[in-house]
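> need a structure here:
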Amino acid sequence: MSTFSVFDIASSGMNAQNLRLNLVASNISNANSISSSINEVYKSRQPIFAAELQNSMEKNKAAVGVTMKGVVESEAEPIMEYLPNHPMANNDGYIFKPNINMVEEMANMMSASRSYQNNVEVFNTSKQLISQTLRMGQ
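Purely as a prediction, here's the structure:
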């Protein structure tokens, strides 16, 4: 593995956590959205990540980063609330709210933020080590 591949790995980690933070922000911002149909209600979204392998033909596969393989929508049933006077109520008087757990979303946000910070630290530490190594010859 090249010395400079550390930068690629750290930047792919930062990119992945940035995407995760965007999904968390979307989930939190839509937590109180209302729909008149069970099919149109917002569903919590979570990213699916996979490690990128250096070369699948090698015996010792080395991870060289992470990619987002897709986004999965929650299977949780939406919250159905009886409010017949609400303007968004359906013919039966029900409105539908997303079943988003705010505690879980805040935990995801904190985890993604810390993972992003850790990748920044790896990036900066590697940069400092290379810089100090280059200064040794002076």
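> quick test: name the residue nearest the centre of this protein.
residue 20 (1.4 Å; Cα atoms, centre = their mean).
> which of the three states applies to residue 52?
Residue 52 falls in the strand class when you classify it by DSSP: H, G, I helix; E, B strand; the rest coil.
> list the contacts for the residue nearest to the centre of the chain?
The neighbours of residue 20, taking Cβ atoms under 8 Å, 6 or more residues apart in numbering as the test, are 47, 108, 112, 115. Heads up, the C-betas are built off the backbone N, CA and C, glycines and all.
> in the lengthiest strand in the chain, what's buried?
Taking DSSP state E as the criterion, the chain has its longest strand at strand 63-73. Buried positions in strand 63-73, judged by neighbour count with 16 or more other Cβ atoms under 10 Å: 64-66.
> tell me where this protein has helices.
5-29, 102-135 (DSSP state H).
> model confidence at the residue nearest to the centre of the chain, what's the number?
Residue 20 is assigned 95 on the pLDDT scale.
> now it: how far from residue 95?
Distance from residue 20 to residue 95, counting by Cβ to Cβ, to the nearest Å: 30 Å.
> go on, residue 18?
For residue 18, the distance to residue 95 - Cβ to Cβ - is 33 Å.
> ok, residue 119 next?
Residue 119 is 41 Å from residue 95, by Cβ to Cβ.
> ok, now residue 45?
Distance from residue 45 to residue 95, by Cβ to Cβ: 21 Å.
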